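Enquirer: Fold the following, please.
(2 chains)
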2 protein chains.
Amino acid sequence: MTAALNPAEPVLATDRARRGGRAGKRAGGSAAFEQPPFRQLKIPFAPTKIISDDELESIHLASLRVLKEIGVDVLHDEARAIMKRHGADVREGTERVRFDSDMILELISHAPAEFTLHARNPAHNVRFGGNNLVISQMASAPNCSDLDNGRRPGNQADYRNFLKLAQMHNILQTTGGYPVEPVDIHPSVRHLECIRDLATLTDKVFHIYSLGKERNVDGIEIARIARGISREQLQDEPSVYTIINTNSPLKLDIPMMEGIIQMSGSGQVVIVTPFTLAGAMAPVTVAGALVQQNAEALSGIAFTQMVKKGAPVGYGGFTSNVDMKSGAPAFGTPEYMKAQMIGGQLARRYQIPYRTSNVCAANTVDAQAAYESVFSLWGAIQGGANFILHGAGWLEGGLRCSYEKTILDIDLLQMVAEFLTPLDLSDDALGFNAIESVGPGGHFFGTQHTQDRYKTAFYSPIISDWRNFETWAEAGSPTAMERANRIWKERLATYEKPYMDPAITEEIDAFVAKRRAEGGAPTDF
Amino acid sequence: MTAALNPAEPVLATDRARRGGRAGKRAGGSAAFEQPPFRQLKIPFAPTKIISDDELESIHLASLRVLKEIGVDVLHDEARAIMKRHGADVREGTERVRFDSDMILELISHAPAEFTLHARNPAHNVRFGGNNLVISQMASAPNCSDLDNGRRPGNQADYRNFLKLAQMHNILQTTGGYPVEPVDIHPSVRHLECIRDLATLTDKVFHIYSLGKERNVDGIEIARIARGISREQLQDEPSVYTIINTNSPLKLDIPMMEGIIQMSGSGQVVIVTPFTLAGAMAPVTVAGALVQQNAEALSGIAFTQMVKKGAPVGYGGFTSNVDMKSGAPAFGTPEYMKAQMIGGQLARRYQIPYRTSNVCAANTVDAQAAYESVFSLWGAIQGGANFILHGAGWLEGGLRCSYEKTILDIDLLQMVAEFLTPLDLSDDALGFNAIESVGPGGHFFGTQHTQDRYKTAFYSPIISDWRNFETWAEAGSPTAMERANRIWKERLATYEKPYMDPAITEEIDAFVAKRRAEGGAPTDF
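Expert: Residues are numbered from 1 along each chain as shown, chains lettered A, B, ... in the order given. Below you'll find the model as predicted:
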């Protein structure tokens, strides 16, 4: 069993790194702290099937029945026209569209099972699909917080700080949108400023929001300039992605359809993700919510293939339950884990790359934040996720991006990555000679076998405090949250902007200036 | 896919409970709080193979080579004589014993793959082996703590409180030894007082420590009296268990061997668990530590079968890594998870029930305690554990049993149990009619489908705080630990002693009085 590394970065593919050693730890990222190298993660074992193939088929068939008999409301005129041309049941005077099952299955069969997302730094390209795993930073929080200054609305300074943290940490292989919404920038030009930052403060793949045609077109253009390639090359090389959240239940609105038309039409990546909260926008049963998730996802995915056959697309799962007392969404619950794992089974049935999330509903970085997140990661990894969005920073059901949670999540994700690293089972690692040399009643600390390996034998966590109680108490009994607070500040202080050809920087600046002068994207205020 | 419930309690096996409903929630435990019923848990999916069968074989073969070429030191004269009679290579003047591989494999083939552990309350019987999962309270902490009074050495009052919490919570199906060591009771009679409490304050299966023949014999006798059965019946009905931790590396000491002779000889359960910390008592490589774990486990398991063919026995895994800076044991690490999952693969190879743990190294009930514990549970569940020892309460690498961690773990374990409950995939649950009735753009809150189910649709966590930020902040921003603190006190206040026939109580008291008068177990102070 070997871990195939990203072919774009053979320099990091040392044997020690592949076999679980930590020799590559200092090869990537900032010089100021040690971390495992940037690498293409893979899930080396078979995902867990929590329901049988027959049971899976019952969800599949029920969702096809929903698309055929109930249908979805499509609010975008051109999209309905495209659907009609592809044989969907579209009738004059109504937005309702119904889909024949064979048509859906034929269309989605054109979606690629695996593809590369191209970053402006080719060493940060990632593979999406197969048994590859990609992890992104969190996205779209209206608020942010840290232990020193508390909770506050998103703003440009915090926005940039979070991008810097994503750039610095190899385990965050892409950004995921705006980690926090910088509400101090006017919406008409916010996307221009934000995408410029994404393209210059980081050299990783980024996401653009599908909030009207202009924003999609601008985002795609900045990604093209940043990579220094032609429009034709961009068509063949997916370089940005967008999340399309269907308007559950069963509604596809104008910005979504416009986003698919622009993105799929340009060969860029669409991840269709219904937000099907069981008991609110979807049936109260997990099975029913999954039927609806699957129907909505299939309709959106099929539409990407109507726009362009072979367009790269992902299947997103975001089914969870709500707190039936308050209606608030819950995450990292047993129901969420089941939905994650069955979502993976569905996506694999269609051979479409699968996206899920690392989420929680906690209000602070306490035990709840940790257990809901690790349960989410458990569901993701054992569910065969290809893409974990909201990988680092998520608190409060997504209403807040936290600096301390960012560091906690980076640690959790690095632990997961280490768990996924295949075990060294060489004769040397099996250690017969070491066991023989120590013998019954001896100790391994001083042996050559240990001395040769102890520095790199184990993952060294960022946050875990393994001091004994007395030493820990003398140090003021710091909690994990307090340790994370110290760490993000130390790390952020060492950020270095990734290199960009000055001609490209100039071209991006000129584009942003021109589009700002034109007024950016229209708003009604 | 159906969850077979414990046949001893058909009254709880309602269809709703089986299919994931919460109808049975109020059926068991104390009247003061809601909880899922006591039930036989099963892992309904295939465990994860993180290494291939060939790779597993390389560990298996290396451990057989250790037993054959290096051997183990056996400090107990009678045990060596028994081993010699069974064909082991035992030589005069040395404690070293070497084992032929075929002999080991032949012996362990007699160990049963699955058996029942009998509690004095038959509704609390549990199955060990197959795809059954049993969870116990933590064991053997020298200290305990709560948020109000801090950390303190174990004592009888806290010891009894923890037993009460174990009795009250259905998810803790057995106790696991002394949750905290009551050092205020003299060691000569401590086992008598402690086992009397185990047998009377709880009606679940309990553990006895193998610390000399007297303690084993006394524990077995109290278990027999508590069940009100004959010695002959006890021989056929395993009713107590003991953990035998080998003295790693490769040493089997006198109390361990004595424990196996008494327990296996009486048909009671032995769980052989090497404590193989990679880099300390075992090779620094996870593979090497597993080779040694397996060699030690096989030697102990083989010995149980020399004592009595068919004696019920478990394979225990406790391989983890150490903090290479301090030598302190680490738990819930990626290395620990790998060891847990490969431990499961090994145990299944031998068809012997598998025991692992829910452990962490945290000093307080913070994010670290939660993530290390959930990583441990992930390794346990996906590794196909049959028995999770130290299920609730464990902090500080086992040096402390915490009241707040007990409640946190109970919540985590209940969530795991809910995750393991097969999903309802009936037509009704698939919800086509509900989706149709709501239609695009509607809402499910008010539908009959939701109204019929919302009270029992989802697991209702004990600790998770899903209030919005403002409400939570107004309530004083309580952390999970603070919520757990409130909860254990509320719950403990509602404890009710389980019924015991007064004649049996009297018989236990008389036995304890007699043994106390005889001096209990000899000590050197």
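Enquirer: Going by C-alpha atoms from here, please, whenever you check contacts or count neighbours.
Expert: OK.
Enquirer: Which residue ranges of the stretch 51-200 of chain A form strands?
Expert: Applying DSSP state E, counting those that start in this stretch to the stretch 51-200 of chain A gives strands spanning A:72-74, A:89-90, A:96-98, A:114-117, A:126-129, A:132-135, A:143-146, A:150-153.
Enquirer: what about the strands in the stretch 201-350 of chain A?
Expert: Going by DSSP E, counting those that start in this stretch, the stretch 201-350 of chain A shows strands at A:206-207, A:240-244, A:251-252, A:269-272, A:277-278, A:313-316, A:320-321.
Enquirer: Reformat these as CSV; add mean pLDDT, mean neighbour count and distance to chain B.
Expert: Shown next, in CSV, are the strands of the stretch 201-350 of chain A (pLDDT from 0 to 100; neighbours: other C-alpha atoms under 10 Å in any protein chain shown; distance: least, C-alpha to the nearest C-alpha, whole Å):
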stretch, mean pLDDT, mean neighbour count, distance to chain B
strand A:206-207, 98, 26, 27
strand A:240-244, 98, 26, 16
strand A:251-252, 97, 25, 6
strand A:269-272, 98, 27, 17
strand A:277-278, 96, 30, 8
strand A:313-316, 98, 32, 19
strand A:320-321, 96, 30, 7
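Enquirer: any chance of these in a markdown table, with distance to residue B:428 too?
Expert: What follows is these, written out as a markdown table (distance: least, C-alpha to C-alpha, whole Å):
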| stretch | distance to residue B:428 |
| --- | --- |
| strand A:206-207 | 38 |
| strand A:240-244 | 29 |
| strand A:251-252 | 23 |
| strand A:269-272 | 27 |
| strand A:277-278 | 14 |
| strand A:313-316 | 25 |
| strand A:320-321 | 18 |
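Enquirer: which residues of the stretch 1-150 of chain A score low on pLDDT?
Expert: A:1-31 (pLDDT under 70).
Enquirer: which parts of it sit against chain B?
Expert: Within the stretch 1-150 of chain A, the residues that sit near chain B (C-alpha under 8 Å from any C-alpha of the partner chain) are A:1, A:44-52, A:55, A:58-59, A:62, A:66, A:70, A:72-73.
Enquirer: Could you dump the strands of the stretch 51-200 of chain A into TSV and include mean neighbour count?
Expert: Formatted as TSV, these follow (neighbours: other C-alpha atoms under 10 Å in any protein chain shown):
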stretch	mean neighbour count
strand A:72-74	23
strand A:89-90	18
strand A:96-98	22
strand A:114-117	18
strand A:126-129	25
strand A:132-135	24
strand A:143-146	22
strand A:150-153	14
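Enquirer: pretty sure residue A:523 contacts residue A:187?
Expert: Yes - in this structure, residue A:523 is within contact of residue A:187 by C-alpha atoms under 8 Å, at 7.1 Å.
Enquirer: more neighbours, these two?
Expert: Applying other C-alpha atoms under 10 Å in any protein chain shown to residue A:523 and residue A:187 shows that residue A:187 carries more neighbours, namely 16 against 10.
Enquirer: quick one, what contacts that one?
Expert: For residue A:187, the contact set (C-alpha atoms under 8 Å, 6 or more residues apart in numbering or on different chains) comprises A:521, A:523.
Enquirer: One more pass at 10 Å, please.
Expert: A:520, A:521, A:522, A:523, A:524, A:525 (C-alpha atoms under 10 Å, 6 or more residues apart in numbering or on different chains).
Enquirer: Distance check, it against residue A:215.
Expert: Going from residue A:187 to residue A:215 by C-alpha to C-alpha, to the nearest Å gives 11 Å.
Enquirer: ok so, going back, reformat the contacts of residue A:187 into a markdown table and put distance to residue A:230 next to each item.
Expert: Shown next, in a markdown table, are those (distance: C-alpha to C-alpha, whole Å):
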| residue | distance to residue A:230 |
| --- | --- |
| A:520 | 23 |
| A:521 | 24 |
| A:522 | 27 |
| A:523 | 30 |
| A:524 | 34 |
| A:525 | 35 |
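Enquirer: Now which of the residues you listed would you call buried?
Expert: Buried subset of the contacts of residue A:187 (neighbour count, 16 or more other C-alpha atoms under 10 Å in any protein chain shown): A:520, A:521.
Enquirer: Could you list which of the contacts of residue A:187 also contact chain B?
Expert: By C-alpha under 10 Å from any C-alpha of the partner chain, no member of these lies near chain B.
Enquirer: Against residue A:33, how distant is residue A:490?
Expert: 9 Å.
Enquirer: make that residue A:387, sorry
Expert: 26 Å.
Enquirer: What of residue A:478?
Expert: Taking C-alpha to C-alpha, one finds residue A:478 at 21 Å from residue A:33.
Enquirer: Local confidence estimate at the residue lying closest to residue A:259 once chain neighbours are set aside?
Expert: Nearest non-adjacent residue to residue A:259, counting by C-alpha to C-alpha, 6 or more residues apart in numbering or on different chains: residue A:210, 4.8 Å away. What the model reports for residue A:210 is a pLDDT of 97.
Enquirer: Count the residues that sit near residue A:210.
Expert: Residue A:210: 26 neighbours (other C-alpha under 10 Å).
Enquirer: Likewise for the one 4 residues further on?
Expert: Counted with other C-alpha under 10 Å, residues neighbouring residue A:214 total 18.
Enquirer: partners of residue A:174 in the sheet?
Expert: Bridge pairing for residue A:174 (DSSP bridges) gives the partners residue A:136, residue A:205.
Enquirer: and residue A:143, what is it in contact with?
Expert: A:151-155, A:158, A:179-183, A:395-396, A:398-402.
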